[in-house]
Structures are given as structure tokens and as C-alpha cells.
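Colleague: Just the structure for this:
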Amino acid sequence: MRTAVLIALVAACSAVTVKVPTQQTGSLRAKLIREGKYSAFLATQHAARIQQLNSGSQPFLDYYDDFYLGNITLGTPGQPATIVLDTGSSNLWVIDAACNSQACNGYPDSGYTKQKFDTTKSSSFVKETRKFSIEYGSGSCSGYLGKDTVSFGGLTIATQEFGVATHLAEVFGYQPVDGILGLGWPALAVDKVVPPMQNLLPQLDAPLFTVWLDRKLSISNGGSGGLITYGAIDTTNCDSAITYVPLTSKTYWQFALDGFSVGTYSESKKDQVISDTGTSWLGAPNSVVSAIVKQTKATFDWSSELYTVDCSTMQTQPDLVFTIGGTKYNVKSVEYILDLQLGGGKCALAVFSMGSGGFGPTWILGDTFIRQYCNIYDIGNAQIGFAQAHHSF
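Modeller: Numbering: from 1, shown residues only. Predicted coordinates for the structure are as follows:
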């Protein structure tokens with residue numbers, strides 16, 4: 001049964017430790033493949049990327065597949081919005097009620113009607129003269145900045161600066177989301193906007209938050225996604241043994257990766273890696289992706305532009321082993337091999353190639369990794385912690 005995307009945010013018994021259930025949108029890839037629309041969608045995305053390169057803009061990360069969502073309210077009285085909880089960016093934005101493009105309204109076959117923010121119905125909204133524009137890997141959003149009350153999980157930020165989008169890339173029209181709430185560091189924020197998390201810190205027991213993602217052994221169609229705990233470590237869904245490593249940059253949640261292995265392949269090259277709830281898969285250097293392909297005997301499917309293996313091998317492929325701070329973290333093959341309903345008994349490798357620039361990351365540990373290990377985002381100590389995630393299966 002398809003579970004509704006919208007949920008109520010619930011506060012924990014303490015007003016300064018907040019546990020917020022998250023919802024998952026479900027896989028856009030799987031949906032489009034099932035409906036026979038994936039090839040056309042890929043063509044649109046290729047065109048969008050060419051346009052971005054020609055404009056010279058610097059993209060963030062690629063919002064392409066599953067999203068983990070939470071509910072917020074904005075304004076007085078509060079207007080609801082369902083947003084992406086994203087550690088890979090630092091801005092909050094929602095859709096302007098005055099935007100009537102198809103992307104702003106949502107495509108009919110997405111099964112979701114956008115909740116747009118009507119600034120004229122909020123007595124506390126203050127419009128700014130400054131504009132904003134953010135480029136993501138698969139598209140952009142732009143509009144103007146404003147300030148208003150923002151509430152979630154029983155807590156309220158009296159004055160939060162955020163973007164009100166009057167233009168959205170087409171890809172956002174396919175997803176059941178009304179905006180993005182960035183959980184990255186202030187240095188990553190476009191237009192030097194103070195991120196909501198920094199404004200929330202004075203109200204919390206501890207300057208940190210924990211992300212636990214529920215396990216999905218088959219491709220998600222949406223529904224319960226996990227839990228984000230603001231102000232405390234999640235001791236219910238996460239193991240008590242936590243290993244911390246220092247951040248190497250306070251932009252993304254970035255740290256050092258000491259080594260990687262899969263099957264008979266291993267390397268000990270130190271790379272920069274980020275933890276990103278806004279990326280559903282694992283991003284790795286080209287050489288590593290080639291090694292994973294070789295070790296799993298995957299082949300490239302040109303029609304879907306994915307590496308695939310036989311679904312029958314889903315539980316028998318080698319672990320992906322990440323060495324971080326001297327500790328090894330194993331990601332099982334049931335997590336990185338997904339059944340996207342490609343047909344022919346083929347399943348997809350949940351990995352993609354990425355380049356690096358300057359001192360930026362060469363790896364992205366997305367939701368595939370975070371489902372195996374709770375991530376503790378410790379703002380106060382500029383570190384990130386990992387604990388084995390507890391699941392019912």
C-alpha cells in the first residue's frame with residue numbers, strides 16, 4: 001500500500017531535544033522506468049546540464065532520486081511545506097504561491113500537488129530586495145529572499161531568512177517536495193544566509209543532530225523514512241558505540257577517507273568525502289567505480305545509463321569497505337544493489353562517478369551508507385560520528 005508522504009512532526013518529551021520522523025519520496029528512477037518515461041527524462045537532464053555548463057554556474061550535488069522529507073510551517077498563521085532534509089546544502093527555500101509554472105505546480109503524474117508559500121497571507125513576512133539563485137546538479141531554483149517565522153518539531157525560529165522561489169527546474173516538478181532545508185555549514189550557504197540549524201542551536205540541549213534512515217531492501221515507493229533527532233544522539237535506533245572523526249572543512253559535512261576496498265581491490269589513498277542525506281547513492285572517483293564494476297561483474301546498460309548485475313547476486317556480492325579514522329565500515333551488497341524494475345533479471349549498482357575540484361570532496365556517502373550507519377552531525381565539536389544503525393530486518 002502506498003503510504004502518504006505528508007506526516008505530522010512530533011516533538012519528544014523535552015522541548016530542547018526534538019525527534020522528527022522523516023518520510024521518503026520513493027525512487028524517481030524506478031517510477032519513470034516503470035512508466036516508460038526514463039529515456040525522455042534523461043534527455044531533458046542532459047540538456048539542462050549543457051545549459052549549466054554554458055552559463056558557467058557552479059552546481060551543488062545532484063538531487064536525482066529518493067528524498068528524505070520533513071514538515072515545516074512558515075509565516076503567521078503557519079503555512080505547511082514538505083521539504084528535503086539535506087546535509088549537502090545550507091539554504092532553506094520554498095515555492096512562491098505566485099509561481100504558476102508546471103514545475104512549481106507539480107506534474108500531474110507525480111501524484112503530488114505542491115504546497116506553495118503565499119507571502120501575502122503571512123502577517124510576519126518581510127520581503128527583501130535581494131534575489132537568490134541556487135544551481136544543483138540536475139537543475140536550479142531562483143527567486144527572492146525574505147524573512148519570516150519557521151517552525152518544525154515543536155520549535156520555532158522567530159526570524160529566519162530563506163528563499164522564495166519564483167522559478168524551478170523541471171526536475172523538481174516530478175518530486176513530491178515543496179523546497180529544501182539545508183543542514184550544511186554557514187560557509188556553504190548562498191548569499192551568506194544563516195542556515196536554520198544555526199538559528200536553532202540556542203534552543204537545543206546539545207549542538208548536534210542525529211540521522212537514522214530506515215532500511216529499504218527493495219526500491220522505495222515512499223513512506224516511512226527514518227528519524228532525525230535535533231539536540232541529542234538517537235539511542236533507540238543507533239548503537240551506543242560511536243566513532244568520531246574531525247571535519248576537514250566546515251562547508252559540507254566533509255572529512256577524510258583513509259582507504260577503500262571491495263573484493264580483491266583495495267586502495268589506501270586519502271581522499272575527501274562528505275556525508276549527504278540529499279544524495280541517495282554513493283559517489284566515487286572513476287577508478288573506484290571501475291573497480292566496483294569489475295569486482296561485481298557489472299555491465300553498463302546504455303538505455304538506463306546505469307551499471308547492472310543479475311538480481312540473483314544481490315546478497316552474495318562483496319561488501320564495500322570504507323576506512324575512516326582507522327575504523328572499517330562495511331556496506332552490504334543488499335544496500336548498494338537495487339531492484340529498479342529494469343526487467344530481464346537486472347538490478348542497478350547504487351554508485352556513480354564524480355569528479356573533484358580543488359579541495360572539494362571526491363566521494364559522497366549518500367543514503368546507501370547512512371542507512372547502514374547512523375550519522376551524528378556534531379556542530380559544537382566540528383566532527384561527525386558513526387554508529388551501527390538498528391533495523392527490524
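
Colleague: now the helices for this structure?
Modeller: 28-34, 38-55, 102-105, 196-200, 286-296, 333-336, 367-370 (DSSP state H).

Colleague: for the stretch 1-150 of the chain, which spans come out with low pLDDT?
Modeller: 1-67, 137-138 (pLDDT under 70).

Colleague: Kindly list the main-chain dihedrals of the residue nearest the centre of the chain?
Modeller: Ranked by distance to the mean C-alpha position of the chain (C-alpha atoms, centre = their mean), the top residue is residue 278 at 1.0 Å. Note on residue 278: its backbone torsions stand at phi -90, psi 0 [degrees, to the nearest 10].

Colleague: I figured it was touching residue 89, is that so?
Modeller: Yes - shown here, residue 278 and residue 89 form a contact pair, counting by C-beta atoms under 8 Å, at 6.6 Å. (Glycine included, C-beta is placed from N, CA and C.)

Colleague: Next, count neighbours for the residue nearest to residue 179 when sequence neighbours are not counted.
Modeller: Spatially, and ignoring its direct neighbours in sequence, residue 179 is nearest to residue 94 (3.8 Å; C-beta to C-beta, 6 or more residues apart in numbering). Neighbourhood size, residue 94 [other C-beta atoms under 10 Å]: 30.

Colleague: And for the closest residue to residue 319 other than its chain neighbours, the neighbour number?
Modeller: Counting by C-beta to C-beta, 6+ apart, the nearest residue to residue 319 once its immediate chain neighbours are dropped is residue 330, at 4.3 Å. Using other C-beta under 10 Å, residue 330 has 13 other residues around it.

Colleague: Equivalent analysis for residue 97, please.
Modeller: When neighbours are counted by other C-beta under 10 Å, residue 97 comes out with 17.

Colleague: Next, the contact list for it, please.
Modeller: Residues in contact with residue 97 (C-beta atoms under 8 Å, 6 or more residues apart in numbering) are 116-120.

Colleague: Give me the phi and psi angles of it.
Modeller: According to degrees, to the nearest 10, residue 97 has phi -60, psi -20.

Colleague: and the closest residue to residue 81 other than its chain neighbours, how many neighbours does it have?
Modeller: In this structure, residue 81 finds its nearest non-sequential neighbour in residue 178, 4.2 Å apart by C-beta to C-beta, 6+ apart. Other residues near residue 178 come to 28 when the count uses other C-beta under 10 Å.

Colleague: And residue 375, by the same measure?
Modeller: By the criterion of other C-beta under 10 Å, residue 375 has 24 neighbours.

Colleague: quick one, what contacts it?
Modeller: Residues counted as contacts of residue 375 (C-beta under 8 Å, 6+ apart) are 87, 210-211, 253, 275, 384-386.

Colleague: 10 Å - rerun?
Modeller: 87, 209-213, 238, 253, 275-277, 365, 369, 384-387, 389 (C-beta atoms under 10 Å, 6 or more residues apart in numbering).

Colleague: Then residue 91?
Modeller: Counting by C-beta under 10 Å, 6+ apart, residue 91 makes contact with 60, 132, 134, 141, 145, 161-163, 179-182, 184, 188-191, 193, 195-196.

Colleague: Could you rerun that using 6 Å?
Modeller: Contact analysis of residue 91 by C-beta atoms under 6 Å, 6 or more residues apart in numbering lists 182, 189-190, 193.

Colleague: now those residues in JSON lines, with neighbour count, distance to residue 69 and pLDDT?
Modeller: Putting the contacts of residue 91 into JSON lines (neighbours: other C-beta atoms under 10 Å; distance: C-beta to C-beta, whole Å; pLDDT from 0 to 100) gives the following:
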{"residue": "182", "neighbour count": "27", "distance to residue 69": "14", "pLDDT": "93"}
{"residue": "189", "neighbour count": "20", "distance to residue 69": "21", "pLDDT": "95"}
{"residue": "190", "neighbour count": "17", "distance to residue 69": "21", "pLDDT": "93"}
{"residue": "193", "neighbour count": "22", "distance to residue 69": "21", "pLDDT": "96"}
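
Colleague: residue contacts, residue 271?
Modeller: 257, 362-363.

Colleague: what do you get for residue 72?
Modeller: By C-beta under 6 Å, 6+ apart, the neighbours of residue 72 are 81, 83, 152.

Colleague: From these, pick the one nearest residue 324.
Modeller: residue 83 (28.9 Å; C-beta to C-beta).

Colleague: That closest one against residue 181, yeah?
Modeller: Yes - because the distance of 4.5 Å satisfies C-beta atoms under 6 Å, residue 83 is recorded as touching residue 181.
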